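In: The following comprises the amino acid sequence and a computationally predicted model.
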Amino acid sequence: MQVGISTASLFGKYSVEDAPARIAAFGASICEVFLNTFSEYRDEFIGLLSERIHKHNLRVYSIHPMGTQFEPQLFSLHIRQREDAFRIYEQVLQAGKALGASCYVMHGPSTMYGAVRNMELERIGPIVQTLCEMAKEYGLVLAWENVSWCLFHEPSFGLRLLDATKADDLRFTLDIKQAVRSGYTPLEYIEAVGERLINLHICDYIESSNCVQPILPGRGKCNLEELYCALLNKGYKGPAILEVYSDLYEDEDELEKSFALVRESLK
């Protein structure tokens, strides 16, 4: 399995345009680009970022925006909110196409504080189908990610969403730390939607005092070999993207060693 690194793993340490040099220095040839704000969706910035990425012989597999800035509004009952959000979504799709990305990673609506309203699958299903069709127009696939504080936090949601959208192009991203934070194992998500997984976010975890703490791969409970076998049994052909919080390490050598461990475990 090909192993890459997300620019999010360097958040706060390097700007997204400077991250490719560090990712390439670690020995990666593939990456996920996390775009942090609206100015980073613009053509001028994407042109600069594309130059940096190609300079270091990296391939962008996935593009991941700061979804809380507009993704919840894609499903709003308020038509102007929806229209504005769709314009931003299309701008990110354009950025993804320019960078040569294969998929768009979506968080979708938040469920923080139990405040989800008007998110019945019968209503949002057609919206998801439209989002998938738009992504396809730009050569991307929509890969909805499981996130503990978002609509897709239970493994069964993926199956229900597929039934509601009837979208052949809808795919999923599996995030290990978010799976455990939701109270499930990554294997349960693989069992539910494994045939539709096209992206994998790698981050280890430890559990203490009824709390899940993310940690660099190799330091926690995640069995990468077991995960690898489960994915292969479902026909997974995508990469593994190291996506860790940048405060999980102090020295870049730690991140580089973690990347090397994941690559060795998943080869």
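Out: In hand now; what should we look at? None of the values given here were measured: they were computed from a predicted structure.
In: Contact partners for I53?
Out: Residues near I53 by Cβ atoms under 8 Å, 6 or more residues apart in numbering: P20, C31, V33, V60, L99. Heads up, the C-betas are built off the backbone N, CA and C, glycines and all.
In: what's the answer for L242, then?
Out: Contacts of L242 by Cβ under 8 Å, 6+ apart are V3, G4, I5, S6, S9, I202, C203, P217, L255, S258, F259, V262.
In: phi, psi of D169?
Out: In terms of degrees, to the nearest 10, the main-chain angles of D169 are phi -90, psi 0.
In: From G125, how far off is the residue lying closest to it once chain neighbours are set aside?
Out: Nearest residue to D169, sequence neighbours excluded (Cβ to Cβ, 6 or more residues apart in numbering): C132, at 4.5 Å. As defined by Cβ to Cβ, to the nearest Å, C132 lies at a distance of 11 Å from G125.
In: Would you format the contacts of I53 as a markdown table with distance to K177 and secondary structure included?
Out: What follows is the contacts of I53, written out as a markdown table (distance: Cβ to Cβ, whole Å; DSSP: H, G, I helix; E, B strand; the rest coil):
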| residue | distance to K177 | secondary structure |
| --- | --- | --- |
| P20 | 24 | helix |
| C31 | 19 | strand |
| V33 | 20 | strand |
| V60 | 22 | strand |
| L99 | 25 | helix |
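In: just checking, P72 touches M106?
Out: No - between P72 and M106 there is no contact under Cβ atoms under 8 Å: 10.9 Å.
In: The two - which one has more neighbours?
Out: M106 (24 against 19; other Cβ atoms under 10 Å).
In: so where is the stretch 101-250 of the chain shaky, pLDDT-wise?
Out: 112-117 (pLDDT under 70).
In: For it, which segments are assigned as strands?
Out: 103-106, 141-145, 171-175, 197-202, 204-208, 211-215, 240-242 (DSSP state E, counting those that start in this stretch).
In: Dump those into TSV; add distance to L266 as well.
Out: Converted to TSV, these look like this (distance: least, Cβ to Cβ, whole Å):
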stretch	distance to L266
strand 103-106	19
strand 141-145	19
strand 171-175	13
strand 197-202	8
strand 204-208	13
strand 211-215	18
strand 240-242	6
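In: Which among those is found nearest to L77?
Out: strand 103-106 (19.3 Å; Cβ to Cβ).
In: Which other helices and strands does the closest one contact?
Out: strand 59-65, helix 79-99, helix 121-137, strand 141-145, strand 171-175, strand 197-202 (3 or more Cβ pairs under 8 Å, 6 or more residues apart in numbering; DSSP states H and E).
In: One more pass at 6 Å, please.
Out: strand 59-65, strand 141-145 (3 or more Cβ pairs under 6 Å, 6 or more residues apart in numbering; DSSP states H and E).
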